[in-house]
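>>> pasting a predicted model and its sequence here:
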Amino acid sequence: MSELKLWGRATSSNVQKVLWMLGETGMDCQRIDAGGEFGVVNTDAYAKLNPNRKVPVLEDGDLVLYESHAILRYLARKYRQLLPDDPHWAIVDQWIDWSSTTLTPPLIGVFFQTVRLPLPKRDAAVLDAHAKVLRGVMRILDGRLGGHTWLAGDVFTLADIAAGTLMYRYFEMDIEREDLADVARWYGQLQNRPFYRDVVMTSYESLREK
């Protein structure tokens, strides 16, 4: 049995990032359902792994690590996968952080208003505010991809996993989207990767609040 153990439900986009990377690199890992309908995160035992009571959590022997991007970086550096050895790794880091600070907040905000919340609980003003920010963010992404095959350059890296995981939700949500040719081209490349299809392009119907 693998020494790697990953806690988290498969419908979590942050868990999906780690699962996608594990698939791309051929690393074996035991996944344990936690969060959402599975509970677990509210137990004292889980709090010892992650006091934030969120997923994912990675256990690698005696090492316990949380925060999805920290987990991606750890695995990449330990197994020397998907992270350049030369100073170009800083560009990868830059776009990973951009995904956290700039892309994720408005995209998840739109996702909550259009998917997670039932119609009576949705707030049109909140949705419009998030959607406005998201449109600007997606133009930045398109501009970057206009000069590069992948987000950090000419090869697939952790940067594509960090940002690309959310693209399935972006393109599946019932929202108006601008015609961004390079984002569409990049998303097509992501869809051609088997583990993206297997891990990321999965139903999120269970996330809808009843």
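Nice, thanks for sending it over. Residues are numbered from 1 along each chain as shown.

>>> domain assignment for this structure?
Using automatic domain parsing, the domains assigned to the chain come out as 4-79, 89-195.

>>> with distance to S206 and mean neighbour count added, can I get those in JSON lines?
Where you see a C-beta, it was placed from the backbone N, CA and C, and this is true even at glycine. Output for those, formatted as JSON lines (distance: least, CB to CB, whole Å; neighbours: other CB atoms under 10 Å):
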{"stretch": "domain 4-79", "distance to S206": "6", "mean neighbour count": "17"}
{"stretch": "domain 89-195", "distance to S206": "11", "mean neighbour count": "17"}
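
>>> would you reformat those domains as CSV and include mean pLDDT?
Formatted as CSV, the domains of the chain follow (pLDDT from 0 to 100):
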stretch, mean pLDDT
domain 4-79, 96
domain 89-195, 97
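
>>> in the chain, which spans are helices?
Assigned by DSSP state H, the helices in the chain fall at 13-25, 44-49, 68-79, 89-98, 104-111, 124-145, 158-164, 167-172, 181-191, 194-195.

>>> for the shortest one, name the packing helices and strands.
The criterion is 3 or more CB pairs under 8 Å, 6 or more residues apart in numbering; DSSP states H and E, and the helices and strands that helix 194-195 contacts are helix 13-25.

>>> determine which of the helices of the chain approaches Y204 most closely.
For Y204, the closest of the helices of the chain is helix 167-172, at 7.0 Å, according to CB to CB.

>>> hmm, who's touching that closest one?
13, 107, 111, 115, 138, 177, 183, 186-187, 190, 200-201, 204 (CB atoms under 8 Å, 6 or more residues apart in numbering).

>>> just the closest of these to H69, please.
Once CB to CB is applied, the member of the contacts of helix 167-172 that ends up nearest H69 is S13, at 12.0 Å.
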